[in-house]
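K.L.:
Can you look at this prediction? I've put the sequence above it.
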Amino acid sequence: ATMLLSRPVGRYGRRIAKMMGGGGGKVKSVLSRELHIMTKTVSREKMGIRTGASTFRNGLVKSEQARWMGTGEDEREPLKSCKRVVIKVGTAVVSRPNGTLALARMGGLVEEIADLIEQGKQVMLISSGAVGLGRERIGFSKEVISNTSNVVERQASAAAGQELLMSTYNVMFNRLGVKCAQVLITQSDFGMLDRYNNLANTLDRLTSLGVVPVINENDVVTGASQLDPATKGQVFTDNDMLAALVAAGGEADGVCMLTDVDGVFTKPPTEPGAERIKVYRDHEDVKIGTKSTMGRGGMGSKIHAAQVATQGGVHCCIANGYDIRNIAKVFSGDDIGTYFPARQRPSKHTHWLLHMALCQGVLRIRESAYEKKFKNVVVSESGPQLEVADIASIEGDFSSKTPVILKLENSKTEIGRALVNLGSDEIMSVLHNVGRGELRTFGSSQVLSKGNDLALF
């Protein structure tokens, strides 16, 4: 307004003077009135611009909220607008009970993915089946592969089966004019931050180019150790969790986990009275049955994986993969399978820290410190900081800049994780001195973790 009022004065003054035939006082009077009118006009126009900008901005916010959380009228509405999606198929979907390829279902799967790409979506495919296919190709029995002590046999089966699985996908995608790429992942690709970032950047680039990453765990080097839940240092134990982590790390909007049942039921679907859960809420009462024959994951692992995906801001649906048309139905918002609504998306670093970082120790937090500083609080750069004075005890040996688990001093429940600025020896030294009754120094209140390096569940 200042520019508009200061610059045109001379121009308007000359125009008015010419119209009035000169004359000082009258010209000044007319000029004052015109400037007053002009000021009011500019103010109204500026207010209109502000109102229009505010309306446009509010519209964008509401649109984005509806895309992520739905409008309330249709809970599955966010699935319709997913731009980048992950599809996970299990061993039971890509192979027959005898271990051979289920070519019809694989062909239908590839066609469904090609249709999604034509709709403008970016697709990542998590596909199990390498070990099962390789077992049949080499001639091992199911009993040999399911025995966790037969590590080499499992790795050999994975090597033979992965080639068959990928070559089949490659031929099918090529027939439909779609490019694909093989991505084999190990635990450390998630557990180590630099490798996790490299993986996420590669997946982002592939999908942005219209290439479908076909992703599987690299069983050739991981062997059978991942079959044992007691094995330490595991980020994922099956491809359900792998799909959830890829979806969150790859910033997907939705993930469809295809299995051999119609979704999550209140009890195994073969039992009388079993009912499909349409929308899964936290603490649903579900009776878990046995896991699949050749795969690792049962329904319990799928539910846990779906929850990890939603905590990463990804909408998830568990549906039946025997009818491959369910993929289109899931991302059309149809009432099939079980839908897990996404929560607010955290930063990639925070999700990595909470669900993927390989922690080296445990910090036990004082109950009083937790109640005062951390309970029901969102951690931010300006938010609460974890200090040495908040620590009751520590477990394990770790160095600085190492991820650790956070627990309350008298509880087994994990409440969060942190990248710490001090190693275990330094923390123990401070705690030991305080325990002997020595005066607390600046070190006892030194910040251990804050901001992005501190994450609470």
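P.N.:
Structure's in. What do you need? Residues are numbered from 1 along each chain as shown.

K.L.:
these two touch, right, residue 305 and residue 241?
P.N.:
Yes: taking Cβ atoms under 8 Å as the definition, residue 305 is a contact partner of residue 241 at 4.5 Å. Glycine gets a C-beta too; all of them are placed from N, C-alpha and C.

K.L.:
So between the two, which is more surrounded?
P.N.:
Using other Cβ atoms under 10 Å, the more surrounded residue of residue 305 and residue 241 is residue 305, with 28 against 25.

K.L.:
now the end-to-end length of stretch 413-429.
P.N.:
Distance across stretch 413-429, first residue to last, is 26 Å (Cα to Cα, to the nearest Å).

K.L.:
ok, and what's touching that stretch?
P.N.:
With Cβ atoms under 8 Å, 6 or more residues apart in numbering as the test, stretch 413-429 has contacts from 353-354, 357, 359, 361, 363, 365, 370, 374, 386, 388, 391, 394, 396-408, 446-449, 453-457.

K.L.:
So which of these belong to strands?
P.N.:
Within the contacts of stretch 413-429, residues falling in strands by DSSP state E are 363, 365, 386, 391, 394, 403-408, 447-449, 454-456.

K.L.:
So among those residues, which ones count as buried?
P.N.:
Listed as buried from the ones in strands among the contacts of stretch 413-429 are 363, 365, 386, 391, 394, 403-408, 448-449, 454-456; burial here means 16 or more other Cβ atoms under 10 Å.

K.L.:
Strands of this protein, residue ranges please.
P.N.:
Using DSSP E, the strands of the chain run over residues 84-89, 122-127, 180-185, 212-217, 254-259, 315-320, 338-340, 362-365, 386-387, 391-395, 403-408, 414-419, 447-449, 454-456.

K.L.:
From what I see, residue 164 and residue 103 are in contact.
P.N.:
No: using Cβ under 8 Å as the test, residue 164 is too far from residue 103 to be in contact (11.6 Å).

K.L.:
and those two? which has more neighbours close in?
P.N.:
Ranked by neighbour count (other Cβ under 10 Å), residue 164 and residue 103 place residue 164 first, with 17 against 12.

K.L.:
How much space separates the more buried one from residue 398?
P.N.:
43 Å (Cβ to Cβ, to the nearest Å).

K.L.:
and if you look at residue 196?
P.N.:
For residue 196, the distance to residue 398 - Cβ to Cβ - is 19 Å.

K.L.:
Equivalent analysis for residue 430, please.
P.N.:
Following Cβ to Cβ, the distance that separates residue 430 from residue 398 is 15 Å.

K.L.:
Next, the contact list for residue 331, please.
P.N.:
Residues in contact with residue 331 (Cβ under 8 Å, 6+ apart) are 79-80, 82, 85, 116, 121, 254, 256.

K.L.:
Redo those as JSON lines? Include neighbour count and pLDDT.
P.N.:
As requested, the contacts of residue 331 are arranged in JSON lines below (neighbours: other Cβ atoms under 10 Å; pLDDT from 0 to 100):
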{"residue": "79", "neighbour count": "25", "pLDDT": "97"}
{"residue": "80", "neighbour count": "15", "pLDDT": "96"}
{"residue": "82", "neighbour count": "22", "pLDDT": "98"}
{"residue": "85", "neighbour count": "25", "pLDDT": "98"}
{"residue": "116", "neighbour count": "19", "pLDDT": "98"}
{"residue": "121", "neighbour count": "17", "pLDDT": "98"}
{"residue": "254", "neighbour count": "25", "pLDDT": "98"}
{"residue": "256", "neighbour count": "27", "pLDDT": "98"}
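
K.L.:
just the residues you listed now: which is nearest residue 92?
P.N.:
Nearest to residue 92 among the contacts of residue 331: residue 256, at 15.3 Å, using Cβ to Cβ.

K.L.:
The most centrally placed residue in the chain - nearest residue in space that isn't next to it in sequence?
P.N.:
Nearest residue to the geometric centre of the chain (Cα atoms, centre = their mean): residue 248, 1.9 Å. Leaving aside its sequence neighbours, residue 248 sits nearest to residue 312 (Cβ to Cβ, 6 or more residues apart in numbering; 2.7 Å).

K.L.:
wait, the one you found sits on residue 352?
P.N.:
No: look at residue 312 against residue 352 with Cβ under 8 Å: they stay out of range, at 9.6 Å.

K.L.:
Find residues that contact each of the two.
P.N.:
Residues touching both residue 312 and residue 352 (Cβ under 8 Å, 6+ apart): residue 249.

K.L.:
where do the helices sit along the stretch 201-350 of the chain?
P.N.:
For the stretch 201-350 of the chain, helices defined by DSSP state H, counting those that start in this stretch occupy the ranges 219-222, 239-249, 299-311, 326-330, 348-355.

K.L.:
Kindly apply the preceding question to the stretch 51-200 of the chain instead.
P.N.:
Using DSSP H, counting those that start in this stretch, helices in the stretch 51-200 of the chain cover 77-80, 91-94, 103-118, 130-138, 142-146, 151-175, 188-191, 193-208.
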